[in-house]
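Trainee: the sequence and its predicted three-dimensional model are supplied below.
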Amino acid sequence: MRVPFGAVIGRYPSSDGTTQMGGIIRHNRKCRDIAVLVIFICFWVAMIVNSSFGFNQGNPSRLTYGLDYKGNVCGDKHAGLRELELKYWLNPNQIHQSGLKDSQFKLADARSICLLDCPIPSEDSLNWVCDYPDGDIRLSTDDWIDRNYDYFEFLTPELRNSTLQLQGPCYPVIFPSVNVYWSCQLIARASNVSLKHWQQMGGVSINENIVIDKSIHKYINSRSAVLKRYMADIGKAWPVLIVCGGILPLFLSVIWLLMIRHFVSAMPWITVVLFNILIVSVTMFCYLKVGWIGNDAISPIIGEHDPYIHVFGRVAAKVIGEVQALIIFPVIPYAILAVFYMFWISAALHLFSSGRVVQNNCNSNCCAYDLLEKKVNCDRCCGYSIRYTPHIGVSILFHLLGCYWATQFFIACSSTVIAGSVASYYWARGETSPEIPFRSVISSMKRLMCYSLGSVALGSLTVSFVESIRFLLESIRRKLKVSTHVPDSWIGKAAYRSSHCFQRCIEWTIKSVNRNAYIMIAITGKSFFRASAIATELIMNNILRIGRVNVIGDVILFLGKLCVSLSSAVIAFLMLDSHKYKSAHKISSPLFPVMICWTLGYIVATLFFGVVEMSIDTIILSFCQDSEEHGTAQYAPPLLIETLSDHNEIQRLTQGPQ
């Protein structure tokens, strides 16, 4: 049986000690869902430990730059490779061998070096690229660079003979090369002049097959290499993330709240128009425009004389106007999330690059001259790779799940505080008082911190768990589709195609129940499951009243969130498309940074739009409870009663169709 709100509604003295304000929620509560709160604290400790592992073992430079024949990361200033960021494979025959179909030799085993720029053949002689100056080669790194990596003239006869066998320490530049994602892509079109000089010197035969081109191209465009570059793009585009993922959504969200405060009736239309403009600009959302945001589809919902639009707009705007701190409050979770995301993204980059650099174990002929040992070495000539262990994969997965849980937790905390503040306003009969603008928000924050953090953690964990299951099911469904294991019968096809819709329905139901559960937690102080049961029963008893108002609010707010997030994504793309980021391949693709800005923009908009969203839901649920307990809504604010002053409309809302 549902507990009446009367049990938690009392009177609270005003600042002068005499005036009694009706309906302020009492503070005599108990801590709920403590076990989940303990689990959440342990989760944060595990997140810190897991991130510490990444900071200790990772090096984000590995995501962008390759490794040389010594196992050093190109561009690493500690290894003396500052500004030497391009990976170049020295031996063209090794590249050719790695591209053969039945060869056991991999391109990762080929001898590579870090250079300042990609070498090109000479037009009248033969250029060389020599190993780093070591041993008897008395050159500094700067002199070696100034000489275009060439000290062939200083080689002894023994070293020259080794060089002509393509065993170093110098290697001929026969093929032109270009910088492709910080690797020198060889073009399988040998320079006739350079090749002729090489042959006249008695050098071994050099393969000129197109395999040389394809081998490097395959290496550069492998899935792991692309994923690493995408992750590196996030770190390189951090100014764009700050501007378009943090500052711009904050500015747009605050502007939207102020507009809905002062331009209530026009905001639904303004939102729809802006969304249409953005939808044309961003082609990836063109499918949303068809049948969803056209005038014919919107007009029946937000008609000028529909009383629901006034419930959505006027009452929510009235609450924001009276409880002024609601506009300022989202800045608090926004600041917390901003700090969390900066820490999380940095830790993610280090975790993705936290593998160990180990020398490969190859059995192929890869002999090379060692300047320090002064001999040709065939035992330790294999290249280096970054070795990832299953532990790192688990750490990355935990880090991703932790981000989603933490995000849902902070959004849930914000929603609960807003719900408690709006409930205080409603059950105070909308009375204007010095306590209303700020004290209700502060009191709601105190109640959350003291009694309801465990319940909020449980609710956010539920959403995270359901989303994880849905993601796994969706992955399985896509794999089955790719593998053509689609049922042949029409029943099987119908079940197969409806699975995605079913998953979405479950996700939407869980999120809807959670949102209303946070309202009940803010009002009653009950545990999460008890609050969910109260909210569900209240919704089922008033499904007609709640359904239509929620549809209006959800549609308009969803479009508003998309307007903010899409604006952030478009501006992020324009910034990344500038010469600053396009020149010298500073980022490989704007895809990931734009997606991150889009996601961050949507999260920021969710925090601020939650003021209106939770205000609507809290007022409607409170109105329903008030009507059920007293027959008529005794605590409803005057504006709400005025808006629903028509007797037939009130009867239809409170009792449903007869």
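Mentor: Looks like it came in fine.

Trainee: tell me who's in contact with Gly383.
Mentor: 67, 69, 106, 108-112, 359-360, 362 (Cβ atoms under 8 Å, 6 or more residues apart in numbering). (C-beta placed from N, C-alpha, C; glycine too.)

Trainee: can you tell me the closest non-neighbouring residue to it?
Mentor: Leaving aside its chain neighbours, Gly383 sits nearest to Asp109 (4.5 Å; criterion: Cβ to Cβ, 6 or more residues apart in numbering).

Trainee: check the offset of the longest helix along the chain from the chain's centre.
Mentor: When the chain is parsed with DSSP state H, its longest helix is helix 591-630. Distance of helix 591-630 from the chain centroid (Cα atoms, centre = their mean, to the nearest Å) equals 20 Å.

Trainee: which positions within that helix qualify as buried?
Mentor: 592-594, 596-629 (16 or more other Cβ atoms under 10 Å).

Trainee: now, which of the contacts of Gly383 lie within strands?
Mentor: Counted as lying in strands by DSSP state E, out of those, are 112, 359.

Trainee: between the contacts of Gly383, which sits nearest Val45?
Mentor: Distance to Val45, by Cβ to Cβ, is smallest for Leu67 among the contacts of Gly383, at 34.4 Å.

Trainee: neighbours around the closest one, how many?
Mentor: 21 (other Cβ atoms under 10 Å).

Trainee: how about it, what does it touch?
Mentor: The contact partners of Leu67, taken as Cβ under 8 Å, 6+ apart, are 73-74, 87, 112, 357, 383-386.

Trainee: and which of those is nearest to Ala335?
Mentor: Comparing these against Ala335 with Cβ to Cβ picks out Val73 as the nearest, at 34.8 Å.

Trainee: the closest one contacts Ser61, correct?
Mentor: Yes - shown here, Val73 and Ser61 form a contact pair, counting by Cβ atoms under 8 Å, at 5.1 Å.

Trainee: so between the two, which is more surrounded?
Mentor: The residue with more neighbours, out of Val73 and Ser61, is Val73; 25 against 17, by other Cβ under 10 Å.

Trainee: beta-bridge partners for that one, please?
Mentor: Assessed by DSSP bridges, Val73 has beta-bridge partners Leu67.

Trainee: from Lys586, how far off is it?
Mentor: Going from Val73 to Lys586 by Cβ to Cβ, to the nearest Å gives 18 Å.

Trainee: same thing with Val555?
Mentor: Counting by Cβ to Cβ, the gap from Val555 to Lys586 is 40 Å.

Trainee: between those two, tell me which one has more neighbours.
Mentor: Shown here are Val555 and Lys586; by other Cβ under 10 Å, Val555 has more neighbours (20 against 14).

Trainee: which SSE is that one in?
Mentor: Counting by DSSP states H and E, the element that carries Val555 is helix 543-576.

Trainee: how far away from the center of its chain is the first helix or strand past that helix going along the chain?
Mentor: Next helix or strand after helix 543-576 toward the C-terminus (DSSP H and E): helix 579-582. Centroid separation for helix 579-582 versus its chain: 23 Å, with Cα atoms, centre = their mean.

Trainee: any chance you could list what contacts helix 579-582?
Mentor: 236-237, 240, 575-576, 586-587, 590.

Trainee: any of those buried? List them.
Mentor: Judged by 16+ other Cβ under 10 Å, buried ones among the contacts of helix 579-582: 236-237, 240, 575-576, 587, 590.

Trainee: tell me the two of these that are most distant?
Mentor: Pairwise over the buried ones among the contacts of helix 579-582, using Cβ to Cβ, the maximum falls at Lys236 and Met575, 12.4 Å.

Trainee: tell me where the protein has strands.
Mentor: Using DSSP E, the strands of the chain run over residues 9-13, 20-25, 86-89, 112-115, 128-130, 170-172, 177-180, 183-186, 356-359, 368-370, 375-377, 384-387.

Trainee: ok, back up a step: any of the contacts of Leu67 buried? List them.
Mentor: Among these, those scoring as buried are 73-74, 87, 112, 383-386 (criterion: 16+ other Cβ under 10 Å).

Trainee: can you lay out the residues you listed as CSV showing pLDDT and distance to Val570?
Mentor: Converted to CSV, the buried ones among the contacts of Leu67 look like this (pLDDT from 0 to 100; distance: Cβ to Cβ, whole Å):
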residue, pLDDT, distance to Val570
Val73, 90, 35
Cys74, 90, 34
Lys87, 91, 34
Ser112, 89, 39
Gly383, 81, 42
Tyr384, 84, 41
Ser385, 85, 39
Ile386, 85, 35
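
Trainee: including distance to Val129, could the residues you listed go into TSV?
Mentor: Listed next are those as TSV, based on distance: Cβ to Cβ, whole Å:
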residue	distance to Val129
Val73	19
Cys74	14
Lys87	12
Ser112	11
Gly383	16
Tyr384	19
Ser385	22
Ile386	24
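
Trainee: out of these, flag the one nearest to Ser444.
Mentor: Top of the list for closeness to Ser444, among the buried ones among the contacts of Leu67 and by Cβ to Cβ, is Ile386 at 49.0 Å.

Trainee: any idea how far Gln359 is from that closest one?
Mentor: 12 Å.

Trainee: please report how far the nearest residue to Phe573 once chain neighbours are set aside lies from Ile234.
Mentor: Distances taken as Cβ to Cβ, 6+ apart place Val594 nearest to Phe573, at 5.1 Å, with adjacent residues excluded. Distance of Val594 to Ile234, given as Cβ to Cβ: 11 Å.

Trainee: try Asn50
Mentor: On the measure of Cβ to Cβ, Asn50 and Ile234 end up 19 Å apart.

Trainee: comparing the two, which residue is more hemmed in?
Mentor: Set side by side, Asn50 and Ile234 show more neighbours around Ile234, with 22 against 17, by other Cβ under 10 Å.

Trainee: pretty sure that one contacts Ile345?
Mentor: Yes - Ile234 sits in contact with Ile345 when judged by Cβ under 8 Å, with a separation of 6.3 Å.

Trainee: pull up the overlap in contacts between the two.
Mentor: By Cβ under 8 Å, 6+ apart, Ile234 and Ile345 have these common neighbours: Leu241.

Trainee: quick one, what contacts Tyr341?
Mentor: Contacts of Tyr341 (Cβ under 8 Å, 6+ apart): Leu600.

Trainee: so for it, what's the pLDDT?
Mentor: Note for Tyr341: predicted pLDDT of 92.

Trainee: returning to that earlier point: can you redo the contacts of Gly383 as TSV with distance to Ala636?
Mentor: Listed next are the contacts of Gly383 as TSV, based on distance: Cβ to Cβ, whole Å:
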residue	distance to Ala636
Leu67	69
Tyr69	77
Lys106	73
Ala108	71
Asp109	76
Ala110	77
Arg111	79
Ser112	74
Gln359	75
Asn360	74
Cys362	78
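
Trainee: give me the buried subset of the contacts of Gly383.
Mentor: 67, 69, 106, 108-112, 359, 362.

Trainee: now do Cys118 against Cys42, distance only.
Mentor: Cys118 sits 51 Å away from Cys42, going by Cβ to Cβ.

Trainee: who's more crowded, those two?
Mentor: Under the criterion of other Cβ under 10 Å, the comparison of Cys118 against Cys42 puts Cys118 first, with 18 against 10.

Trainee: got a list of what the more buried one touches?
Mentor: Cys118 sits next to 86, 88, 177-179, 184-185 when contact means Cβ under 8 Å, 6+ apart.

Trainee: which one of these is nearest Tyr635?
Mentor: Here the nearest of those to Tyr635, counting by Cβ to Cβ, is Asn179; it sits at 69.3 Å.

Trainee: excluding residues flanking it in the chain, which one is nearest the closest one?
Mentor: In space, and not counting its chain neighbours, Asn179 is closest to Cys118: 5.2 Å by Cβ to Cβ, 6+ apart.

Trainee: which pLDDT does the model give the spatially most central residue of the chain?
Mentor: Nearest residue to the geometric centre of the chain (Cα atoms, centre = their mean): Ile596, 4.5 Å. Note on Ile596: pLDDT of 91.
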